[in-house]
Each structure stands twice: as structure tokens, then as C-alpha cells.
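Novice: Sequence and predicted structure, then a few things I'm wondering about:
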Amino acid sequence: MWMMVGAPVLAAELTISGRVLEKGTRAPLQGVIVSAKESTGNSAVSDSGGQFQLTLPAPGSYTLTATNSGLSSTLQIWAEEGQPLPVPTFYLRVPETLGEMVVTAGRSPDQVGKSVIGGKTLSKLAGSSGDPLRALQTLPGVVSVDGSSAPAVRGSGPGDNAYYVDNLYIGKLFHFGSISVFNADLIEDFNLFSAAFGPHYGNVTGAVIDVALREPRKDRWGGKIDVNVMGANFLVEGPRTSDQSFYFAARRSYVDLLIKQVEQDGVTVQIPNYWDYQGKYLWQVNDSNRLAFHLLGASDKLELSVDQSSETAQMEPVLAGDSSMSDMNTVQGVVLDTVLSTTAYNKLLLERSNHRSDSNIGTAGTLSFTQENLILRELLRMELATGNELSLGGELFRANVSVNADFKHAPCTQFDADCDLTSAPRLQLSDKFSSNGWAVSAQDRMRVLPSLTLIGGVRRSGENYLHRSYTEPRVGAEWQWSESTLLTAGWGRHNQMPTGEQVVRQFGNPGLGHIRAEHSVLGISQKVDKDWNWKVETYYKELSNLVVSDPLLNYINAASGKAYGAELLIRKEATDKLSGWLVINLSKSQRRNDVTGEAFRFEYDQPVNTTLVGTYKLSEAWSLGGKWNYHSGTPYTPVVGTSGTYTDGRPIPVYAAVNSGTLPVYHRLDLRLDRNYVFNRWKLNTYFELNNVYQRKNIVGYSYDPTYTKRDPVHAFVLPFSFGVQGEF
């Protein structure tokens with residue numbers, strides 16, 4: 001007789017697949033440990049795509065936990081044999097890191113006269129309205145310019161700077177209302193070279209602002225919608241294929257849609273409007289080549305009307321009537337990055353930009369200006385040996401210019417106090433012309449000792465409009481005195497072409513030479529610990545060939561200047577709840593008319609300028625920030641009386657010496673509160689700012705009545721508050 005004995009039936013193992021994503025952004029998280037509470041010792045780790053596979057011993061109910069950097073998320077699942085297995089998705093929060101003072105890989109390694117700041121750090125600065133480039137004035141060497149975010153750096157004016165964005169030369173970086181033309185979420189960081197910058201930068205005597213935009217998302221589609229007190233914008237981005245991705249952002253102001261116009265003292269201003277857009281398409285062609293396509297554009301428009309009976313019209317009758325001003329700039333660029341070998345890297349860039357401005361000023365006349373630029377630039381970097389990098393640059397430039405002007409012209413510069421437009425002659429010009437330019441540059445960085453790097457470079461450039469060419473050496477040194485102490489020194493010569501009005505025929509002088517500058521800088525930086533560091537720099541700048549007005553030639557090169565000072569930066573990194581920095585600038589800046597011998601303070605001379613910035617992270621969701629700025633009074637030119645009348649009967653003002661007056665000291669406190677909401681699939685970021693908290697009435701100038709017997713202070717215009725709401729998907 002046979003006896004049948006039943007064998008034990010073993011439960012089948014089940015393998016489930018899931019994903020771990022960052023809460024709020026849905027970005028895949030790598031290296032997250034996923035485990036089941038009911039299955040001790042059994043776990044899985046997420047890969048670069050956030051995917052994981054976890055084996056369960058048997059069907060049943062399980063509590064899954066995903067853990068990363070001390071943070072965890074828990075899900076309850078039920079796995080049943082013969083039924084579709086669950087696909088768990090974890091949304092795990094990642095702690096936000098605020099410290100961003102880092103150098104982006106592949107950008108200039110030079111440390112002389114350079115500040116490097118992350119875009120997110122400055123976009124959260126009190127008083128910035130979320131715009132990183134509006135916070136430039138908190139950095140060493142930069143002075144406050146009322147009504148503008150364009151920086152005046154180390155004794156030079158905003159027009160003396162050069163702006164680069166992802167290696168593209170940008171002619172327009174700020175709107176009329178001082179807001180930058182870029183979506184704040186696209187700015188990765190920027191380098192501010194305030195003196196003695198390398199030979200690959202040209203046609204600039206002030207500072208170089210080199211902005212880096214971040215790369216588009218490659219893992220998923222997403223976007224942002226932002227509404228703030230000034231305007232609204234959107235951003236969409238994502239991958240097109242495995243090796244191609246893009247983003248596109250656009251913005252428009254809407255204040256002009258809510259408030260049509262403002263009238264004060266007989267002047268009616270139509271609220272200005274602006275728009276801008278930025279697009280970037282990234283294609284990783286192969287392991288060695290990457291193409292980036294750029295589209296950039298920005299536009300501003302302002303209209304106003306001056307009543308005949310207003311004081312403005314009585315002082316300058318040609319301003320009476322309707323006026324309008326518009327300004328537009330577009331850029332298209334292609335950048336090819338090529339890895340030639342393990343020690344050689346090449347960047348080839350082709351850029352086309354178009355700038356158009358139109359003005360119609362009362363009865364003074366009309367002016368239309370268009371300039372199309374075509375630029376071909378190449379930069380080759382090679383590591384010749386360990387610690388020795390050679391970089392070679394070349395550039396070809398062509399400008400096609402069109403000018404149509406029928407305008408009263410008073411050739412005035414910073415050296416002229418009296419500049420009456422009504423009595424000026426009316427000139428006409430209709431002209432089209434082209435200008436070609438070129439430049440070659442070379443720089444060698446060599447570590448001659450384990451702690452000492454010497455930098456030598458030269459730039460040779462020329463153009464065929466003014467028929468000028470220049471050879472400019474630039475040198476530097478970086479001495480790593482100790483592990484935490486760096487000493488730097490730099491010297492260089494630089495040149496810059498005068499403005500368009502000053503060099504066109506009829507209105508200017510096509511025989512002008514370029515403005516020249518010689519920079520010298522010494523610095524020391526010290527890392528105290530992981531939280532604190534400081535830096536001190538001293539500088540001396542000499543300017544020559546500055547442009548002054550001339551009764552026969554309109555303009556001539558006959559002025560000079562100098563600027564010198566010392567700067568202190570003390571920074572607290574965001575390693576814990578508190579972060580911020582203190583900047584103290586001590587400086588002196590002067591100009592001299594070499595024809596008359598008159599010397600005076602530069603219009604942006606602020607001998608003492610200090611800024612204190614702080615952010616305190618109350619929690620993961622809340623943060624509180626503040627910014628306080630103090631600077632000594634800027635110079636101005638007072639009117640001391642009148643002498644006779646113009647032919648139309650208006651009194652002729654008599655001015656004191658140029659910039660011989662000094663405005664009262666300026667100080668202002670701004671506060672900002674941020675609140676972030678993080679949901680599984682999206683985030684909501686909000687902020688609220690109180691500007692000029694203690695309502696200081698800072699004087700930025702004086703206005704006079706038509707008889708010049710009475711003057712009233714002009715106070716800085718400050719929005720009392722600002723806010724913003726951003727949804728991120």
C-alpha cells in the first residue's frame with residue numbers, strides 16, 4: 001500500500017519596482033535606501049533615474065521606508081500573488097543648501113579682482129524683488145546708482161562695463177526700470193571682474209560681468225509660473241531626446257495694464273512697459289562635442305507728455321509736447337564646445353545681435369539708431385603640463401549701423417555742467433556704414449612653485465572705423481601662502497571705444513581715439529573655518545583719453561582720471577541657519593579736464609560705502625532676510641545764480657564748479673520674508689519685502705524753479721513693498 005505525503009508549499013518571492021523622486025520637483029534621487037519593515041535586512045538602492053527594485057519574501061502587507069541624508073518617507077503597500085504588483089513612488093524632501101559662492105567648472109580660473117556669487121543666493125536678497133542682478137550693488141567695489149541696477153565699479157560708470165552671458169556679448173542687460181532682462185531661475189552664477197581682468201575680455205575699461213545660465217532639465221518636463229509686483233513670467237523646459245534638452249522663458253510687465261498714466265507737476269507719464277525672453281537648446285552631439293543654441297531678446301517703451309505751462313517746459317521749451325522712447329535688443333548665438341583631448345578644450349562661438357532705439361522728444365527732434373553685430377569668437381585652452389595652462393583667443397567683429405537723426409544737439413559730457421538743449425543747433429544725419437574689428441589674445445597660467453602661480457597675457461585688437469589698434473599686456477600672480485590664505489596681484493592695460501553719439505559724423509567726431517585705462521590690484525583672502533572667510537583688496541586705476549566737448553569738433557580726447565581704494569568682504573557661509581556678508585568700500589575717484597586744468601570728483605564718487613546682508617533660516621519653509629546700505633553723499637553741481645538771458649528770455653543759470661556740492665548721506669534698510677510650500681509634485685515659493693523700512697527720505701538731487709531762485713530736494717523713489725508668488729512644476 002502506497003502512502004502519499006504532501007510536500008510543504010513555499011510562498012513565492014515578489015519583486016516590486018518603484019521610484020524615488022525629490023518632493024516638489026520630481027527630480028530622480030540616486031542612492032536612496034528603500035527597505036521593508038517586515039523584512040529585516042532586505043533593502044534596495046535607487047539608481048541615477050531614481051528607480052529601485054525590492055524583493056519581498058511573500059505576499060502581504062508591507063511598510064516601505066525610503067531614507068536619505070537623515071530624511072525619510074514611508075508608504076504602506078499590499079502585494080498579492082497573481083495580482084498586479086504595486087509601483088510605489090516616494091517623494092522625499094532634500095534639504096536646501098543656500099551657500100553658493102562657488103566657481104562653475106570650465107569658467108575662468110583667474111582669482112585676481114574677482115567675485116563669484118550664486119544666482120539663488122542673490123535672488124533671495126532683501127530689496128532685490130527676486131532679481132539676482134539687482135543685487136550687484138552689494139558686492140565689493142560696486143557703488144549705489146540711484147534708479148539703476150547697472151553697477152558703477154571702482155571709479156568707472158555703468159556705461160564702462162561689458163556684459164557676457166554664456167560667453168555671448170550682451171548689449172542690454174537691464175530694463176528702463178532697473179530690472180535685469182533675465183529670468184532669475186536661469187542664472188546659475190556670475191563672475192564680477194572688477195579690475196585687471198584677463199586678455200580674453202576687450203573693449204571695456206570698467207568691469208566685466210560674466211553671467212552663466214544653467215543647463216536645461218534632462219530628466220523630465222517641468223516649468224514655472226511667476227507673478228510679482230512688476231510683471232509675470234513663465235518657464236518651460238525638459239528633454240527632447242536622450243541627448244537634447246531645452247528651456248524657454250518669457251516675461252512681460254503688467255503695471256501699465258492696471259495704471260495707464262501718472263501726472264505730476266504738468267508732466268504726464270505713461271507707465272513704461274517691457275518684455276523679454278530667453279531660450280536655450282542643448283545638444284550633446286557625441287562624447288566630445290556639444291552644441292548650444294541661444295535666443296535672447298528684450299524691449300522697453302516709455303511715453304510721456306509735458307504741458308506747455310509746466311516748469312519743465314519753462315526751463316527747456318523744446319521738451320514741451322509728446323515724447324516717446326523705445327529700446328530693443330535681440331541676440332541669436334551658437335556655441336560649440338569641443339573636448340579635443342584630455343588636456344585640450346575648444347569653444348567656438350557665432351553670434352548675431354541687433355539693437356534698435358527710437359526717440360521722439362517734444363519739439364527737440366527725432367532719432368533712430370540701429371546696429372547689427374556679427375561676432376565670431378574662439379577660445380582654445382590647453383594644459384601643457386601639470387599646473388601650466390595656455391589659452392588662446394581670437395575674435396572677428398562686424399557692425400552694420402544705420403542712423404537717422406533730426407535733432408537738437410548739445411555735445412555735453414560729464415565735464416559740462418551747463419547743457420541747454422533748447423538753444424542748441426538742430427542737426428540732421430541719415431547715414432549707413434559698417435565697421436570691422438578683430439582681436440587676438442593669449443594667456444599662460446603657470447604654477448612655478450607649489451604655492452605660486454604666475455599669469456601672463458597680452459591682447460592685440462583693432463578696428464577700421466576710428467582706425468585704431470592697441471597692444472595691451474596683462475599680468476597677475478596667485479600665491480597660496482597657506483592652506484587657507486591666498487594672496488593675489490594683477491596689472492593690465494585696457495581700452496574702450498567711445499559711445500556711438502561721440503563718434504558718428506555731424507553729431508560726433510570720427511577722429512576720436514579709444515578711452516584708455518590702467519588697472520592695478522592687490523588682494524588677500526583668508527578662510528577662517530568652514531563658516532567664515534574674509535577678503536581685502538586694494539586697487540589703483542588711471543584713465544586717459546577721456547572725451548570732453550569741443551566747440552569745433554564736438555568732442556575731443558582731452559581728459560583723464562584716477563580712482564583708488566580698499567575693500568573688505570567678510571562672509572558667513574550658509575552652513576547653518578545664519579548666512580550673509582559685510583562689505584566696506586573706502587574709495588576716491590576723480591576726473592580732470594586737461595584743457596582747462598579743472599579737477600573734480602567723479603559723479604559716482606562715494607568715499608564710504610558699506611552694505612550688511614543677512615539671512616536667517618527659521619525652518620525649512622521660512623526664512624528672514626535683511627539688507628542695510630550706507631554711503632557718503634554723492635557729488636552734484638549746484639546752481640549759484642543767473643547771468644543774463646537766452647534769446648527767448650529764459651534766465652541763464654550760473655553753475656558752481658563741477659560736482660563741487662555733496663548730497664546728504666544715504667542709508668536704507670530692506671527686509672524680506674520667504675515662505676516655501678512643498679507638495680509631492682510641485683512647489684509654491686512666496687516672498688514679501690518691506691523696502692526702506694524706517695522711511696528715510698534719501699536725497700538724490702535737487703530741482704530748481706524756472707528762475708533758479710528756489711530749489712527742492714529730489715528724493716529716491718522706492719516701492720514701499722514688493723511681493724512674488726512662484727509655482728514650480
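Specialist: Thanks, I have the structure now. Just so it is clear, the model here is predicted, and its values are computed rather than measured. Numbers count the residues shown, from 1 in each chain.
Novice: Now stretch 161-170: average pLDDT?
Specialist: Mean pLDDT, stretch 161-170: 91.
Novice: Show me what it is in contact with.
Specialist: For stretch 161-170, the external contacting residues (CB atoms under 8 Å, 6 or more residues apart in numbering) are 150-151, 153, 171, 173, 182, 201-204, 206-213, 280, 292, 294, 296, 329, 331, 333, 335, 347, 349, 351, 353, 373, 375, 377, 379. In this view, the C-beta of every residue, glycine as well, is placed from N, C-alpha and C.
Novice: Pull out the buried members of those residues.
Specialist: Listed as buried from the contacts of stretch 161-170 are 150-151, 153, 173, 182, 201-204, 206-213, 280, 292, 294, 296, 329, 331, 333, 335, 347, 349, 351, 353, 373, 375, 377, 379; burial here means 16 or more other CB atoms under 10 Å.
Novice: The stretch 251-400 of the chain: helices as residue ranges?
Specialist: All helices of the stretch 251-400 of the chain, identified by DSSP state H, counting those that start in this stretch, fall at 255-258, 311-315.
Novice: Mean neighbour count, these: which tops it?
Specialist: A comparison of these by mean neighbour count, using mean count of other CB atoms under 10 Å, puts helix 311-315 on top with a mean of 18.
Novice: Which SSE is immediately downstream of the strand ranked longest in the chain?
Specialist: The longest strand of the chain (DSSP state E) is strand 426-449. Next in sequence after strand 426-449, counting helices and strands by DSSP states H and E, comes strand 452-463.
Novice: Pull that following strand out as CSV, backbone CA atoms only.
Specialist: C-alpha atoms of strand 452-463 as CSV (Å, rounded to 0.1, in the frame of the first residue of the first chain):
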residue,chain,number,x,y,z
LEU,A,452,52.8,80.2,-6.6
THR,A,453,51.0,80.7,-10.0
LEU,A,454,52.1,83.4,-12.4
ILE,A,455,49.8,84.7,-15.1
GLY,A,456,51.0,86.5,-18.2
GLY,A,457,48.8,87.6,-21.1
VAL,A,458,48.5,90.0,-24.0
ARG,A,459,45.7,91.3,-26.2
ARG,A,460,46.1,92.8,-29.6
SER,A,461,43.0,94.4,-31.1
GLY,A,462,42.0,96.9,-33.8
GLU,A,463,39.1,98.3,-35.7
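Novice: Give me the mean pLDDT for that strand.
Specialist: Mean pLDDT, strand 452-463: 96.
Novice: Strand 426-449 and that one, what's the angle between them?
Specialist: 150 degrees (axes from the mean of the first three to the mean of the last three CA atoms, to 10 degrees).
Novice: neighbouring strands for strand 452-463, and are they parallel or not?
Specialist: With DSSP bridges as the test, strand 452-463 is paired with strand 426-449 (antiparallel), strand 468-482 (antiparallel).
Novice: Let's check: the centremost residue of the protein is which one?
Specialist: Nearest residue to the geometric centre of the chain (CA atoms, centre = their mean): Leu133, 3.9 Å.
Novice: so how many other residues sit close to Asp300?
Specialist: Using other CB atoms under 10 Å, Asp300 has 23 neighbouring residues.
Novice: got it, and Asp529?
Specialist: 9.
Novice: Would you mind stating the distance between it and Arg459?
Specialist: To Arg459, Asp529 is 39 Å away according to CB to CB, to the nearest Å.
Novice: Show me the helices in the stretch 51-200 of the chain, by range?
Specialist: All helices of the stretch 51-200 of the chain, identified by DSSP H, counting those that start in this stretch, fall at 119-123.
Novice: that older thread, export the strands paired with strand 452-463 to a markdown table and tack on mean pLDDT?
Specialist: A markdown table is the format used below for the strands paired with strand 452-463 (pLDDT from 0 to 100):
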| stretch | mean pLDDT |
| --- | --- |
| strand 426-449 | 95 |
| strand 468-482 | 95 |
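Novice: Any chance of the ones you listed in CSV with mean neighbour count and distance to Thr366 as columns?
Specialist: Shown next, in CSV, are the strands paired with strand 452-463 (neighbours: other CB atoms under 10 Å; distance: least, CB to CB, whole Å):
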stretch, mean neighbour count, distance to Thr366
strand 426-449, 15, 10
strand 468-482, 16, 31
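Novice: Please tabulate these in JSON lines, including the columns distance to Glu383.
Specialist: Listed next are those as JSON lines, based on distance: least, CB to CB, whole Å:
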{"stretch": "strand 426-449", "distance to Glu383": "10"}
{"stretch": "strand 468-482", "distance to Glu383": "17"}
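Novice: Can you check which of those gets nearest to Ser43?
Specialist: Ranking the strands paired with strand 452-463 by proximity to Ser43 (CB to CB) places strand 468-482 first, at 43.9 Å.
Novice: Show residues contacting the closest one.
Specialist: By CB under 8 Å, 6+ apart, strand 468-482 touches 110-112, 196-199, 443, 451-463, 486-495, 513-514.
Novice: Do I have it right that Thr666 meets Gly633?
Specialist: You called it Thr, but residue 666 is Tyr. Yes - at 7.0 Å, Tyr666 counts as touching Gly633 under the criterion of CB atoms under 8 Å.
Novice: So those two - more neighbours on which side?
Specialist: Tyr666 (20 against 17).
Novice: Against Ala58, how distant is that one?
Specialist: The value you get for Tyr666 to Ala58, if CB to CB is used, is 74 Å.
Novice: likewise Thr241?
Specialist: Thr241 is 42 Å from Ala58, by CB to CB.
Novice: More neighbours: which of the two?
Specialist: The residue with more neighbours, out of Thr241 and Ala58, is Ala58; 14 against 9, by other CB under 10 Å.
Novice: List of residues touching stretch 371-382?
Specialist: For stretch 371-382, the external contacting residues (CB under 8 Å, 6+ apart) are 167, 169, 171, 200, 343-356, 389-402, 500.
Novice: Outline the domain layout of this structure.
Specialist: Listed by automatic domain parsing, the domain ranges of the chain are 14-92, 222-728.
Novice: Looking at those domains, which is nearest to Gly157?
Specialist: Short answer: domain 222-728, nearest of those by CB to CB, at 6.2 Å.
Novice: nearest residue to Lys19 other than its sequence neighbours?
Specialist: Quick fix: residue 19 is Arg, not Lys. Gly50 (4.6 Å; CB to CB, 6 or more residues apart in numbering).
Novice: Pull the contacting residues for that neighbour.
Specialist: Neighbouring residues of Gly50 by CB under 8 Å, 6+ apart: Arg19, Val20, Leu21, Ala27, Pro28, Leu29, Gln30, Val32.
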